[in-house]
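> Next input, structure requested:
(2 chains)
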There are 2 protein chains.
Amino acid sequence: MVDSTTQEIDEILDKAVDAFHQYKTYSLKQRADFMRTIALEITALGDELINTAASETNLPAPRLIGERARTIFQLNSYAEATEAGNWMNVSIDTADPARTPPKPDTRKTCVPLGPVVVFGASNFPFAYSTAGGDTACAFGAGCPVIAKAHPAHFKTSSLMAEAIFKAARKCNMPNGVFAHVRGASFEVGSYLAGHPQVKAIGFTGSFSGGKALFDLANRRSVPIPVFAEMGSINPVFLLPEKLMNEADSLAKQLASSVTLGMGQFCTNPGLIIAVDSEPLDRFLYQLKKEIEVLAPSKMLHEGIESNYEQKLAQALNQKGVQIIASSAGLSKLMIATATAQTFLKNPILHQEVFGPYALVIQCTNKEEMLSIAKALEGQLTTTLMATVADIKTHGELLNAIQEICGRLIFNNVPTGVEVSLSMHHGGPFPASTDSRFGAVGADGIKRFARPICYQNCEDELLPDELKNHNPLQIFRTVNNVLTKDVILN
Amino acid sequence: MVDSTTQEIDEILDKAVDAFHQYKTYSLKQRADFMRTIALEITALGDELINTAASETNLPAPRLIGERARTIFQLNSYAEATEAGNWMNVSIDTADPARTPPKPDTRKTCVPLGPVVVFGASNFPFAYSTAGGDTACAFGAGCPVIAKAHPAHFKTSSLMAEAIFKAARKCNMPNGVFAHVRGASFEVGSYLAGHPQVKAIGFTGSFSGGKALFDLANRRSVPIPVFAEMGSINPVFLLPEKLMNEADSLAKQLASSVTLGMGQFCTNPGLIIAVDSEPLDRFLYQLKKEIEVLAPSKMLHEGIESNYEQKLAQALNQKGVQIIASSAGLSKLMIATATAQTFLKNPILHQEVFGPYALVIQCTNKEEMLSIAKALEGQLTTTLMATVADIKTHGELLNAIQEICGRLIFNNVPTGVEVSLSMHHGGPFPASTDSRFGAVGADGIKRFARPICYQNCEDELLPDELKNHNPLQIFRTVNNVLTKDVILN
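Below you'll find the predicted structure:
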C-alpha cells in the first residue's frame, strides 16, 4: 500500500464538494436506500470479506461474522432513522401578522456540514471502519465520505470501499459521494484534517491520534468539529453486598470481559475497585483461577502487540503494583493489584493499557472508593456491581461516577455495546473529544448536520420536511407542540 | 469597578461546584420555577433598571423596555421548555432477554455539564447579559452560572445579579448557583476560560474576543465547549424582479434596518448585493435620501464608537469604495458602494464594521452575484429579497447561500431575532464557534448538557424522565417510537 498523494487527495476533495452539492439535495429515502444497498453489497462480498479480515487482523471468523452482522444492522437501522427524520429536530413557528411587531414564520431543520473524513479503527475492521458507523451517519446526514483506510487492514477496507462504490453506482449517487484514501503516515491524516474542503472528522482509536486531529482541526483558520472516540479504562466498582453475595460469579464475568477479544475493545474493564474484605479475597482467588486457565491469542497486529507489551511493562513496573494472575504461555492475560493510595498518587496507573489487562484497586474503606471515583478522568463507561441496598448506601459514589461517564452500567459488563437509539458511546474528555455526541446509535447522525432556520419562505421553496402538508409525515414541533399534523394555511 | 481577583474567582468556582452537585438533582419544575422567579424579580427592579441601563449604554428607554420584555419572555419560555423536557432527547430501549445475545435495557437522557461562565454582551445589556439567554439556558440544563459582567454596563449587570440572588434565595437554591464576576481586563476572562472547574462558556461579542476564548478553551488539558456568537455582515441579495417592483420600498426597509439602534446588532445588514440596473440606481437614490434625513445618536460606549470610526475609515479608504450617502451632523450613518471585483479581491471589505454602515456591491451580472455568495464567510443570516420567479431563476445562488448561513430570510430584514424554538441564531464559523448550536430559542439549553446512558438500571434508581411510568409525562422515544406512554413491566 502506497500513501495517497496530496494531489490525489485534492482531486478527491474537489469531487467530494461537487458530490456534496448534489447529494445534499437527495431525499431522505434516497439516502436510506443507498445505505441499505451498501448493506446488501457487503453481504454479497461473502466469505472473501471474512477471510481477508481474518488474515489481516488475527480476529477469529465467528467474531468477524458477528461484526459484519452488526455493520449491516447499523446501515439498515441508521437508514430507518434517517428516513424517520427525528434527528433533524424540525420545529416550526407560524406567522402572526396581528402581533406587534408582526411575528414572522420561522422553520428550522438541519443541513449537512459537507465532506466528512472517517478514520477507520484497527479493532473494528467492519463496524468502525470504511463502511462503519461514522460513514453510515455521515451518509444519513447528507455528507459525502472520504474514508481513510486503516493500514493494518487495507485489503478489508478496499473490499468495503468496493461495496460502497457498487452501491453508489446502483443508486445513481453522484460521482465523489465516497472516496477511499490510503495512508499509513501521520502526514496523510494531518493533510486531511487541515484540508479546507473537509468539514468534519470521525475517528476511533488512540488518545494520541484523536487528540492530534482535534488540535489540528481547531487550529485551522476555519475550525471544524472532530468526533474522536479515544477509549478509556472503564472502571468497575464492586460494592460490598453484591461482592459478598456473588464474588465467584463476578470474577467469572469480569475475567471473561477483560480477556474478550484479547482485551481489544475500548470498553474493556481496565480498572476494578473494591473495599478490602474476605469477599474481595474470594473474588481475587477466583479471578486468578479463571485467568490462569485461559489461553491468549494473537493480537490485531504487531504494532498493537508491542504497544500492549510496552504499556503493560510500564504499569507493572510502578511501585506498589503486584501481579496476581497471568495466563500460561505467552503470559499475556494479566491482572494486578494496587492500593487506593498507590493509584491516587500515580497518574501512570490511570492510563489505558489497551489489551487483556486489569488493575484491581483495593480500598481500605468506602471513602477511599469515593476518592478514586472523583480522581478518574472521563470514561466511556463506568460499571456498578451492586444490589439496590448497596446503591442506597453509596449515594455519593453514584453521584460522582455519573460525572465521569457516558454510560453507567448496573450489574453488566461494559464490553458489548448495543446498537440502539438509546445507546451512548462517548463520554467526557478524554474518552471523547465532544461529550455531547456519541459514536454508536442513530443519534450519531446529528454530528454531521447543523441547524438552519428559514424565515418567511414560500411553502413551495421549503425543504420537504418543513412544508405545510408534511409530505414526509415526520414528527415536528409546531408552535411548541410535537405533532405529525399538517399545517393549515 | 475593580476586577475580581483570582482568589475570589477560585472561591466562587469552589462554591459553584458544590452548588452543581445539588442543583443538578433539582427537578425540572424546580429549575423552571427558579427561572420564572428571576423574571419576576427583574420586573420588580422597575424603572431603576431602565434608568441605570439608559445611563450606562446610551440606549433609549423604549428600546430598553422592549429588551426587558424579551428577557422576561426568554426566562419564562425557556422555563416552559425546560419542563417540557424535549431538549433531553430521552430514548429508551427495553430489554429482550430472549435474544441471542440477551438485549440489555438501555435508557438515555441528558446531564448538565457543570459550572458555566457567561460573558455579557455590550449591545444587549439585558437579553444577552447577566440574566440573558445563555444564563437561562444554563439554569434550564441544570448548570450553575458565573456571569462575567460587561464593564460597559456594570451597574445594570449588578442589578440583574441582585434579582437572580433574590430569586435563588426565594426558591431555596443552593448557595453558589449563581455568581457575579467583575472584569474589565483580558486576564479575568482568560483566567475563567482556563479554570479547571469551568465546564462550558457562553459568549456574545466580537470575533477577537470569542476566538480568544475558543482557543484558550481548546488548549486546556481538558478542553471545554465555547459557544461564542461573534456577529457577521449579514448579506442581503436583491434579485432583479423584486428590485424592479419594489426598489423604493426595499431602500426604506434597508435604510431602517442598517441604522436601527445605531447599527449595533449582530444581525445588522452590512452588505447589499445586486446586479447593476436602472432599478438598482433607483434603489440607491432612495437609500441616499433615506439616510440623509436620519440623525445619528450616541453609540453604546466610547470604545464601540472609536472602534466603529476606525473600522469605517479603514473600509472607506479601500480602493474602489465610494461613499454614496451619509447622515447630516456627525456623518455617522454611512452607505458606500463597490464593484463585485473590488469586493472579491479585498478581504478587508468582508470584515464586519459594527455600526450603522452598509456596503452595496454592484455586480455586472448574475454570475458575479453568485461569486460573491461563494466567497463569503459563515454568516448569522443571509437575506434574499426576491419574488418566487427570481428564486427559480437563481437556484445556484440559493444553494450557495444555504451553505454559509444559520438563518435564511426571504423578504424581511435580518434585524429583529424572534425568540422561538424554530429560531436559529448562530451559523458557520466565524459567525459562531459551533454551528450546531444557537444562542436564541430554548434549543440553546442543549449546549450545556451531554447524553448519558443508563444500562440495566433498577426503575427506582433511574432519573424521573427515564422511569417506566413516565412521571414527568414527557415525550420519549421508546423502542424507536415517539410516545408519552408508560412502559409496562
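> For stretch A:138-153, buried residues please.
Neighbour-count burial for stretch A:138-153 flags A:138-153 (criterion: 16 or more other CB atoms under 10 Å in any protein chain shown). From N, CA and C alone the C-beta is placed, and that goes for glycine too.
> Now whichever residue of the stretch 201-350 of chain A sits closest to chain B. Nearest residue, chain neighbours left out?
Going by CB to the nearest CB, chain B is nearest to A:Asn218 of the stretch 201-350 of chain A, at 4.5 Å. Using CB to CB, 6 or more residues apart in numbering or on different chains and skipping the chain neighbours, the partner closest in space to A:Asn218 is B:Asn218 (4.5 Å).
> burial measure for that neighbour, as a count.
Residues contacting B:Asn218 under the criterion other CB atoms under 10 Å in any protein chain shown number 20.
> Report the contact partners of it.
Taking CB atoms under 8 Å, 6 or more residues apart in numbering or on different chains, we find B:Asn218 in contact with A:214-215, A:218, B:226.
> Now do the contacts for the residue nearest the centre of chain A.
Nearest to the geometric centre of chain A sits A:Ala439, at 3.4 Å (CA atoms, centre = their mean). Under the criterion of CB under 8 Å, 6+ apart, the neighbours of A:Ala439 are A:128, A:133-134, A:202, A:204, A:227, A:229, A:425-426, A:432.
> I'd guess it is in a helix, am I close?
No - assessed with DSSP: H, G, I helix; E, B strand; the rest coil, A:Ala439 is coil; it does not lie in a helix.
> ok, now how distant is it from chain B?
A:Ala439 is 12 Å from chain B, where distance means CB to the nearest CB, to the nearest Å.
> quick one: pLDDT of that residue?
Here, the pLDDT recorded for A:Ala439 equals 93.
> Any part of stretch A:240-252 near chain B?
No - if you take CB under 8 Å from any CB of the partner chain as the test, stretch A:240-252 misses chain B, and the best it gets is 12.7 Å.
> contacts for that stretch?
Contacts of stretch A:240-252 (CB under 8 Å, 6+ apart): A:238, A:274-275, A:277, A:279-280, A:282-287, A:289-290, A:385-387, A:389-390, A:411.
> does any bit of stretch A:105-119 sit next to chain B?
Yes - contact between stretch A:105-119 and chain B, assessed by CB under 8 Å from any CB, occurs at A:106-108, A:111, A:113-114.
> actually stretch A:97-104, sorry about that
Yes - among the residues of stretch A:97-104, A:101, A:103-104 lie within reach of chain B under CB under 8 Å from any CB.
> Redo the residues you listed as CSV? Include pLDDT and secondary structure.
CSV is the format used below for the residues of stretch A:97-104 next to chain B (pLDDT from 0 to 100; DSSP: H, G, I helix; E, B strand; the rest coil):
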residue, pLDDT, secondary structure
A:Pro101, 89, coil
A:Lys103, 96, strand
A:Pro104, 97, coil
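> Just the buried ones from the residues you listed?
Listed as buried from the residues of stretch A:97-104 next to chain B are A:Pro104; burial here means 16+ other CB under 10 Å.
> coming back round to it: of all the buried residues of stretch A:138-153, which two lie farthest apart?
A:Gly142 and A:Ala152 (30.5 Å; CB to CB).
> how about the helices in the stretch 151-300 of chain A?
A:154-170, A:186-194, A:207-218, A:240-259, A:278-293 (DSSP state H, counting those that start in this stretch).
> Oh, that last question was meant for the stretch 351-489 of chain A, not what I typed.
Going by DSSP H, counting those that start in this stretch, the stretch 351-489 of chain A shows helices at A:366-375, A:388-392, A:395-402.
> The nearest residue to A:Ala274 once chain neighbours are set aside - how many residues pack around it?
Nearest non-adjacent residue to A:Ala274, counting by CB to CB, 6+ apart: A:Leu238, 4.0 Å away. Using other CB under 10 Å, A:Leu238 has 27 neighbouring residues.
> for the one 5 residues further on, same thing?
Using other CB under 10 Å, A:Leu243 has 24 neighbouring residues.
> Flag the shaky bits of chain A, pLDDT-wise.
Counting by pLDDT under 70, chain A shows low-confidence ranges at A:329-331.
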